[in-house]
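# quick one: sequence and predicted model below, then my questions.
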Amino acid sequence: MSKTPQTDVGTSAEDKSISDQIDAIISESKDWRGRTLYQLRALIRMADPEGVEEVKWKKPSKPSGVPVWSHDGILCVADTLKNAVRLTFPKGALIKDPEKLFNARLDSNTVRAIDFHEGDLVDELALKELISQAVEINASKARKR
């Protein structure tokens, strides 16, 4: 899998690389949310160095879009909310979470999320484990195709 920054299909050469777009999203939050998103991004990349960064779902209410990390499918999505940074795992219900990091979207049949609030410490080891499990879940589904 390529580690080269990718651009969205149909964008011009003048547009920013995906990595630059995510850097800009992080910079938009000039408070603890930007620092938290920066930390989460670093952890995701450490946990899955072969993963692909993307920016998806650009719309008028979120013109920069949201950072997405994929590996044989979406692993997780980061969204900066008013009072939290939410890391959403689309297949989170399949992930074992012994450290109880998931604290949002718990009523969903498929999705789980973690809301990080100001002052929260990130359990780096436990988060890397969740990401590793998400990679394995996606890889097992890809092998079945």
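That came through, no problem. Values in this document were obtained by computation on a predicted structure and should not be read as measured data.
# list the contacts for L121?
By CB atoms under 8 Å, 6 or more residues apart in numbering, no residues touch L121. C-beta coordinates here come from the backbone N, C-alpha and C atoms, glycine included.
# mind checking the SS state of it?
State at L121, reduced to three classes by DSSP: H, G, I helix; E, B strand; the rest coil: coil.
# quickly find the element holding N138.
For N138, the enclosing helix or strand under DSSP states H and E is helix 124-144.
# chain center to that helix: distance?
A distance of 13 Å separates the centroid of the chain from that of helix 124-144, by CA atoms, centre = their mean, to the nearest Å.
# where are the low-confidence patches of this structure?
With pLDDT under 70 as the threshold, the chain has low-confidence stretches at 1-15, 142-143, 145.
# the helices in it, which residues?
Residue ranges of the helices in the chain, as given by DSSP state H, are 18-28, 32-47, 124-144.
# any buried residues in the shortest one, and which?
Residues of helix 18-28 classed as buried under the neighbour-count rule (16 or more other CB atoms under 10 Å) are I18, Q21, I22, I25, I26.
# of the residues you listed, which is the nearest to A134?
Proximity of the buried residues of helix 18-28 to A134 was ranked by CB to CB; the top entry is I22 with 18.3 Å.
# I'd like to know how far the nearest residue to that closest one once chain neighbours are set aside sits from I137.
For I22, ignoring the flanking residues on the chain, the nearest one in space by CB to CB, 6 or more residues apart in numbering is P67 at 4.8 Å. Per CB to CB, to the nearest Å, P67 is found 20 Å from I137.
# so these two - more neighbours on which side?
Using other CB atoms under 10 Å as the criterion, P67 and I137 rank with P67 on top: 25 against 19.
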